[in-house]
Structure formats: structure tokens, C-alpha cells
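Participant: Structure for the following, please:
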Amino acid sequence: MNKIFKAVKVSDRVYWVGAIDWNIRDFHGYTTKRGTTYNAYLILADTITLIDTVRAPFKDEMLARIRSLIEPTDIQYIISDHSEMDHTGSLPGVITEISPERIFASTMGVKTLGEMYHLDRKIEPLSDGSSLDLGNMTLTFYETRMLHWPDSMFSYLSNENILFSHDAFGMHLATSERFADEIDGAILDYEAATYFANILLPYSPLILKLLDKVGSMGLACDVIAPDHGPMWRSDMRKIIDYYRTWALQEPKRKAVVLYDTMWHSTELMARAVSEGLASTGISVRNMSMHANHRSDVAYEILDAGALVVGSPTLNNNLFPTIADILTYLKGLRPRNLVGGVFGSYGWSGESIRHVHG
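Facilitator: Predicted structure coming up:
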């Protein structure tokens, strides 16, 4: 396997050693039409260090990429920036196989990893602003709690000007290219926005504070290396500006008309609502939940100014697909939306009341 999978150079002493999941199509309810990557990074300092690991089934792929440079047993430190299983699923096996000298995580990361894996190895906590001496290089750590787990933290390698940003600035996108400037810009924009809308949107106020915090630090940054998708180098300002725009949730003149239908009555109403909105110059997205996934709806709502929901009444309640998408959107907590509701029924008509509720 080590003759197939190779490490990818990021800088003079940093390499990408992650894994590509070409065919995953669901990520906790969010559809991943183009797959994803689980990014891990190897720092060839005096003290060889691994930043994050990969999802459990991809452990051998990651180790093979490492083996294209060094023996995995040469790794002395492992740092977990984010405890979610797509980045730590292989961690217990890796620890057993390579027996690193030390393992680090944020204070909350230590707690989370302990509760999930019950490791028989000590995990050392890293506080906000603390540094770790790697001999000829230094890593500095910044807590980013609830972006999007309590344990999340950035790791910054000042010697190479690389920010390891865990899930921030990432996307679910499987490609053979490792850098954003090697990939079609329209694909990047769509996948980055879809990722933000479906995973990070509830934490928008925290993201704005984090962007201000990082900006005030004046970190020299040549590469942003997230845990999913491509790395950013020549176009880093673009993704940072996007995050600020998305987190502000400033609405455009755009409406999403969301509905499902049984016998086409609600569909006819949705078309009439869409036509009426469009006639006033508003950009409209007409989305039947019979034909669209909930994650596509989240993407469209990211910059919308209005959400209009239509549901037929079924058994004195909402149509199931509408109940599903409203539950999903409630968790994402979009802001600055004008709301509207419509529906059809045969004899009782409770659906509108349930949408309001």
C-alpha cells in the first residue's frame, strides 16, 4: 500500500498525509455529493508531529502516506485539533501502532477523547495561547470553542506560516488536487457555502468573534490547512471574507419557496407564490422537498431574505418531509428571514398552524 499512497508537500517541512473518501454521500444528514477528504498533516520538525488523524476505515491509507516519507513509529507527538470521529476514529489504532511519546488536545479535547475512546494513554491539555516546542519549530494553539465542537482549536506553525484550522475554512470535496487554486472556483464557492450553511451556520456569532480575534493577532499566514477539502494558499482572503459575509447573514432580495404536495394543490400554490414574488423583482428558488435534499435548502437559505413554506395537511399534521426540513432548519438557526406559510387540505387544515408553531 505504501507504494500507492504518497504524502503531498505543503511547505518545506509540512506534508498532507490524509485520506480521500471519494464515495461518501451522507455526513450526519448533510448530503456530500462530491465526497470528502479527512486531512492530516505531518510536521518534519526535530520532534516529528502529526496534526489530527482520519476516519477509522482510512487509517492504513494515512499510515501509507506517512510511510512514503518516514516510518510512522518515528512520530513523537500527536495533536488532536478536533475530536469528532472523522478526525479521531483511527486515533486509538494509531496510538497502539506507533506509540508516540506524547499526545495533546485542548482542555475540552482531553475530556472528549477520554469519554469517547477510554484510552490508556495520557492526553495532555493545551491552553489557549500556549505553545509547544518542537525543537527547531514552534506550534501555538488557539481555542475555537463551538466551531463547531467544544474541543475545537487552531494550531499555528509560525516557522512555516501555516494555520491548521480543523473544520473551519473546509468543505466536503474529494479531489485529486490538494490546493484550492487548483480547483474550479465555482465548485469551491458552492461546496464552501454548502458546508458553512449545513455545519457552521448556528455558530455565526462565534465565528464573527473568532475572525476578529484571529485578525487582531496579526498572524502571518501562507497556508490555511483545514481538516476537510483543499488547502488555501494564494486565495486565503477569499474564504475569510466569505465566512464573514455568511456569518453576518445579510439577506439579499431572494426568497426560498419550500413545499411538498400530495395531489398537486400545494404545488400549484407554490408556483403562484413564486410567480408573485418574482414579478416584484425578487429572486426566487422554488424547492419541492420531493426533489431537493435538506442540505440544498440550507445552501439556498444562506443568503435569502424570505422563507415561504407550504404543506398539505396529513393526519391533522404537517406533511412528513416538511416536518423534517423545519426540524433541520430549526437546528441551523438562520436569521434575518421574513417568513410566510401556505397549505392545502381536504377538511381540517392544521398544517399552517403547525408551521407557525
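Participant: CA atoms for contacts and neighbours, from now on please.
Facilitator: OK.
Participant: got the contact list for Gly114?
Facilitator: Taking C-alpha atoms under 8 Å, 6 or more residues apart in numbering as the contact definition, Gly114 lies against nothing.
Participant: With adjacent residues omitted, what lies nearest to Ser234?
Facilitator: Asp181 (6.9 Å; C-alpha to C-alpha, 6 or more residues apart in numbering).
Participant: Quick check: the one you found is in a helix.
Facilitator: Yes: the assignment for Asp181 by DSSP: H, G, I helix; E, B strand; the rest coil puts it in a helix.
Participant: isn't it right up against Trp232?
Facilitator: Yes: here Asp181 reaches Trp232: they are 7.3 Å apart, a contact under C-alpha atoms under 8 Å.
Participant: more crowded one of these two?
Facilitator: Trp232 (24 against 16; other C-alpha atoms under 10 Å).
Participant: So which residues of the stretch 101-250 of the chain form helices?
Facilitator: Using DSSP state H, counting those that start in this stretch, the helices of the stretch 101-250 of the chain run over residues 107-117, 185-195, 204-217, 236-248.
Participant: Downstream of whichever strand or helix holds Ala272, the next helix or strand is which one?
Facilitator: According to DSSP states H and E, Ala272 maps onto helix 265-278. Tracing the chain C-terminally past helix 265-278 and defining elements by DSSP H and E, one meets strand 283-288 next.
Participant: Specify the angle between whatever helix or strand comes next after that next one and strand 283-288 in degrees.
Facilitator: Using DSSP H and E, the helix or strand that directly follows strand 283-288 along the chain is helix 294-301. Calculated by axes from the mean of the first three to the mean of the last three C-alpha atoms, to 10 degrees, helix 294-301 forms an angle of 170 degrees with strand 283-288.
Participant: Which secondary structure elements does the helix or strand just after helix 294-301 sit against?
Facilitator: Scanning forward in sequence from helix 294-301 by DSSP H and E, the next helix or strand is strand 306-310. On a contact count with 3 or more C-alpha pairs under 8 Å, 6 or more residues apart in numbering; DSSP states H and E, strand 306-310 meets strand 254-259, strand 338-342.
Participant: List the contacts of the first one.
Facilitator: Spelled out, that is strand 254-259. Strand 254-259 has contacts (C-alpha under 8 Å, 6+ apart) with 266-267, 270, 273-274, 277, 282-289, 300-301, 303-311, 322.
Participant: Keeping just the C-alphas, turn that strand into PDB.
Facilitator: C-alpha atoms of strand 254-259 as PDB (Å, rounded to 0.1, in the frame of the first residue of the first chain):
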ATOM      1  CA  LYS A 254     -34.200  36.400  -2.600                       C
ATOM      2  CA  ALA A 255     -36.900  34.100  -1.400                       C
ATOM      3  CA  VAL A 256     -37.000  30.400  -1.000                       C
ATOM      4  CA  VAL A 257     -40.400  28.800  -1.600                       C
ATOM      5  CA  LEU A 258     -40.300  25.400   0.100                       C
ATOM      6  CA  TYR A 259     -43.100  22.900  -0.100                       C
END
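Participant: angle of it against helix 265-278?
Facilitator: Using the same axes, to 10 degrees: strand 254-259 against helix 265-278 is 170 degrees.
Participant: Okay, now the sheet partners of strand 254-259, with direction.
Facilitator: Here strand 254-259 is paired, per DSSP bridges, with strand 283-288 (parallel), strand 306-310 (parallel).
Participant: Looking at the ones you listed, spot the one closest to Leu63.
Facilitator: Closest approach to Leu63 among the strands paired with strand 254-259 (C-alpha to C-alpha): strand 283-288, 43.6 Å.
Participant: pLDDT of the closest one, averaged?
Facilitator: For strand 283-288, mean pLDDT rounds to 98.
Participant: do the same with stretch 116-133
Facilitator: The pLDDT scores in stretch 116-133 average 95.
Participant: same check, this time on stretch 217-229
Facilitator: What stretch 217-229 shows for mean pLDDT is 93.
Participant: Give me the distance between the two termini of that stretch.
Facilitator: Using C-alpha to C-alpha, to the nearest Å, one end of stretch 217-229 lies 25 Å from the other.
Participant: Just the buried positions in it, please.
Facilitator: Residues of stretch 217-229 classed as buried: 222-229 (neighbour count, 16 or more other C-alpha atoms under 10 Å).
Participant: same deal with stretch 275-293?
Facilitator: Along stretch 275-293, these residues count as buried under the neighbour rule (16+ other C-alpha under 10 Å): 277, 282-289, 293.
Participant: Need the helices of the stretch 101-250 of the chain in CSV (columns: distance to Asp74).
Facilitator: What follows is these, written out as CSV (distance: least, C-alpha to C-alpha, whole Å):
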stretch, distance to Asp74
helix 107-117, 23
helix 185-195, 35
helix 204-217, 33
helix 236-248, 32
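Participant: Least reliable of these by average pLDDT, please.
Facilitator: Among those, helix 204-217 scores lowest, with a mean of 90.
Participant: Which elements pack onto that helix?
Facilitator: Under the contact rule (3+ C-alpha pairs under 8 Å, 6+ apart), helix 204-217 is packed against helix 236-248.
Participant: Show me what counts as buried in the helix it packs on.
Facilitator: Neighbour-count burial for helix 236-248, counted by 16+ other C-alpha under 10 Å, picks out 236, 239, 242-244, 246-248.
Participant: likewise stretch 92-112?
Facilitator: Judged by neighbour count (16+ other C-alpha under 10 Å), stretch 92-112 contains these buried residues: 92, 94-95, 99-100, 102-112.
Participant: what's the farthest-apart pair in these?
Facilitator: Ser99 and Met108, at 22.7 Å, using C-alpha to C-alpha across these.
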